[in-house]
Each structure stands twice: as structure tokens, then as C-alpha cells.
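In: 3D, please:
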Amino acid sequence: MGVPLHLTTVLRPPWDAAWHALGRQPSPGLFEALMRRYAEPHRHYHALQHLAECLDAFEQERAQAARPAEVALALFFHDAIYELQASDNEARSADWARDALRAAGVADDVAARVHALVMATLHDAQPTEPDAQLLVDIDLSILGAPPERFAEYEQQIRREYAHVPPEVFEPRRKLILGRFLAREPLYQTPGVRGRCEAQARLNLRQAIGA
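Out: Numbers count the residues shown, from 1 in each chain. From the prediction side, this is the model:
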């Protein structure tokens, strides 16, 4: 599967801007390598559309980030590795981000913070660090998307797990969505919470009850 030109055109400016803010240049071909990863044929949700939506949401919240360039680069890398049978996708994505920043001469503490931001997308606990809270809220903002987009998202997730039989997939999926619904609040940052919380709860209740 090729990389859609219109999406790379949208994604390149925020990529360049983040590196410029850090005063460094990434390794040649790094952006293209990431784009190829997000365009892998087994991805239906964790793909370029999701990345573009995350970066668009981040632009609305940029002023809330303490270190916006680090959040932006963490978003670029957060689903860099996505293999359906693997349990270490976030760790490998975080390692790639950290190693890429170090290779570009970025300070170790910056690389470590980006690594930690990517690891926050495990969604095993709500983060306490503000930039991580923002990044996680952005990653989960799809839950509060308009009903049509949320329905498309659910279909995309099902396509990614088409190899899993319905009697296994459906209860597991409802368990995952139920865990998000149980969070009070679901979103920790005021901007994302104001835009997405109410719709997310409607979407989740409907999906769990379906």
C-alpha cells in the first residue's frame, strides 16, 4: 500500500516545525520511514488518518503544552510500530522515538521525555504529568468524535482484528470501552474534556450496549 500524498503533505509541516523548535534535523528518510509504517496494509484505524486527526487536535490545544515540540514528536511516533500479534508496540515505538532524537543530537533528557510520552499511550493508567495528560487525551479524542466518525472508527478497529472471531472480539472490545467509560473524568485536560467528554460517553454507552 502506498503512502497517500495528500496526507504526507498535511503531516510534513508539523514534523518539520517540531524538529525546528528543538534546533535539530532528523536523520534523512526518517519521516518517509514513519509514513510507510503508518501506511501498512494491516492498519485500518492506527494509520495515517488517525495520525493526522491527532495532530489536528493538538493544534487546537498547543497552547496548553509545556513542551509542544516534544508532544508533537511523541504523537508522530506513538503508533509507529503496530503489529497485531505483539504486546510491545508502545515500547518499540517509544524506543524508536528516543533513538531517533538521540541520533539527531537532541539532549538525553528531551529524548527521555518523548519516550515517556509515547509510553503513556499504553492507556493502562491515567497519567499525572500535564503533557502526557494532553497527549493521551488527544489519542483518545476519537471516542468523542461525531457519531458517524465514531462508527467508522469502530468498523476500522474490527477490520484490524478481522482474524478474531466475534464471540471473542465483542466481549473483549466491550471490556476495553467500559474501562474508558468508567473513568471520571474520561479526559483530564479542560479543552479536550469540554469538546469530547459528553459525546464520548454517549458513543461508549451505545457501543457497549450494541
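
In: which outside residues touch stretch 4-11?
Out: 35, 39, 48-49, 51-52, 55, 76 (Cβ atoms under 8 Å, 6 or more residues apart in numbering). Using the backbone N, CA and C atoms, a C-beta is placed for each residue, glycine as well.

In: repeat that for 10 Å
Out: Outside stretch 4-11, the residues that touch it by Cβ atoms under 10 Å, 6 or more residues apart in numbering are 3, 15, 31-32, 34-35, 38-39, 47-49, 51-52, 55-56, 76.

In: among these, which are in helices?
Out: 15, 31-32, 34-35, 38, 48-49, 51-52, 55-56, 76 (DSSP state H).

In: buried subset of these?
Out: 15, 31, 34-35, 38, 48-49, 51-52, 55, 76 (16 or more other Cβ atoms under 10 Å).

In: looking at those, which two lie furthest apart in space?
Out: Pairwise distances across these (Cβ to Cβ) peak at 17.3 Å, for the pair 31 and 49.

In: least confident of the contacts of stretch 4-11?
Out: Lowest pLDDT within the contacts of stretch 4-11 is found at residue 3 (70).

In: widest-spaced pair of the contacts of stretch 4-11?
Out: 32 and 56 (21.2 Å).

In: give the buried residues for the least confident helix or strand in the chain by mean pLDDT.
Out: None of the helices or strands of the chain scores lower by mean pLDDT, DSSP states H and E than helix 5-22, at a mean of 92. Using 16+ other Cβ under 10 Å as the test for burial, helix 5-22 gives 7-8, 11, 14-15, 18-19, 22.

In: stretch 129-149: end-to-end distance?
Out: End-to-end span of stretch 129-149 (Cα to Cα, to the nearest Å): 29 Å.

In: quick one: that stretch to chain centroid distance?
Out: How far stretch 129-149 lies from its chain's middle: 8 Å, per Cα atoms, centre = their mean, to the nearest Å.
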